[in-house]
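**Q** Fold the following.
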Amino acid sequence: MTAITARARLTDPQTSWDAALAVNATKSWLQFATLKVIEKAEWISEELTEEAFFTTTLTPSRVRTIVSDWRKEGYVEALPKRAKTSTGRTAQLHQLTPKGRELVAVLREINRKANQQ
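**A** Residues are numbered from 1 along each chain as shown. Sure, this is the predicted structure:
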């Protein structure tokens, strides 16, 4: 997968802007699905941002946005537990829902096929 970002010019119609946003969001989701931490029974966002920093082009901000988006879509759920981060503060624990596990499987299959070509 390349790190090329879809862009729209200021003079482009709204449909071009919408398409660029959709492409970038999809690419981010594909990268997010490769993170191993999301398969754990429970995790904190800091674990995801650290893994993403070392293995993808996703920024911590983008990872947090994806977690938020996936929570709204029912792919991730916040647990009623908290855990300590590496900096000593406490943070909410999360996990994939069954729907989220299905999505990750689909996205990983897309990644696998794309990398075979």
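**Q** mind checking how far residue 60 is from residue 88?
**A** Going from residue 60 to residue 88 by C-beta to C-beta, to the nearest Å gives 18 Å. Heads up, the C-betas are built off the backbone N, CA and C, glycines and all.
**Q** Show me which of those two is the more surrounded one.
**A** residue 60 (14 against 6; other C-beta atoms under 10 Å).
**Q** In this structure that one contacts residue 47, no?
**A** No: assessed by C-beta atoms under 8 Å, residue 60 is found out of contact with residue 47, at 11.4 Å.
**Q** Next, the contact list for the residue most central in space within the chain, please.
**A** By C-alpha atoms, centre = their mean, the chain has its centre lying nearest to residue 32, at 3.4 Å. Contacts for residue 32 were tallied using C-beta atoms under 8 Å, 6 or more residues apart in numbering; they are 38, 48, 52, 56, 58, 63, 66, 107.
**Q** between the residues you listed, which is closest to residue 116?
**A** residue 107 (15.2 Å; C-beta to C-beta).
**Q** ok, now which ones touch the closest one?
**A** Here residue 107 is in contact with 29, 30, 32, 33 (criterion: C-beta under 8 Å, 6+ apart).
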